[in-house]
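>>> My questions are about this predicted structure, shown below with the sequence.
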Amino acid sequence: MINSVVVVGHVGQDPEMKYFESGNVKTTLSIAVNRRQKDADKTDWFKIELWGRNAEVAGEYVRKGSLIGIEGRLEFNHWTDSEGNKRINHYVLCDRLQLLGKKQT
């Protein structure tokens, strides 16, 4: 079976970096991808999670509006909230980050 995701789009907000005592780094961001439809364009939003060197690069070079490409896999978090409702959250776990477009100044 294959779980592979490729997303190219613009970053919706500046990345959020988190450093752990273990030395690991995690960066989260969202990417907007426009999808053409008959009547009007629609924007799809993808939550992205990056770890290690990819997280450091994203934190240093990626800003709101940056055009980037992500290769990774779809991941799911399952939990039960305080009211007993089962919840699920999905995101793309990045294996490869590509900085696209011209360098921003």
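Cool, got the structure.

>>> Just list the residues touching the residue nearest the centre of the chain, thanks.
Compute the mean C-alpha point of the chain, and by CA atoms, centre = their mean the closest residue is residue 48, 1.6 Å away. Contact criterion CB atoms under 8 Å, 6 or more residues apart in numbering gives 7, 28, 29, 30, 31, 70, 72, 91, 92, 94 as the residues in contact with residue 48. No exception for glycine: its C-beta is placed from N, CA and C like everyone else's.

>>> Look up which helix or strand it falls in, please.
strand 42-51 (DSSP states H and E).

>>> Report the inter-axis angle for the helix or strand following that strand versus strand 42-51.
Elements were assigned by DSSP H and E; along the chain past strand 42-51, the next helix or strand is helix 52-61. Computed with axes from the mean of the first three to the mean of the last three CA atoms, to 10 degrees, the direction of helix 52-61 lies at 120 degrees from that of strand 42-51.
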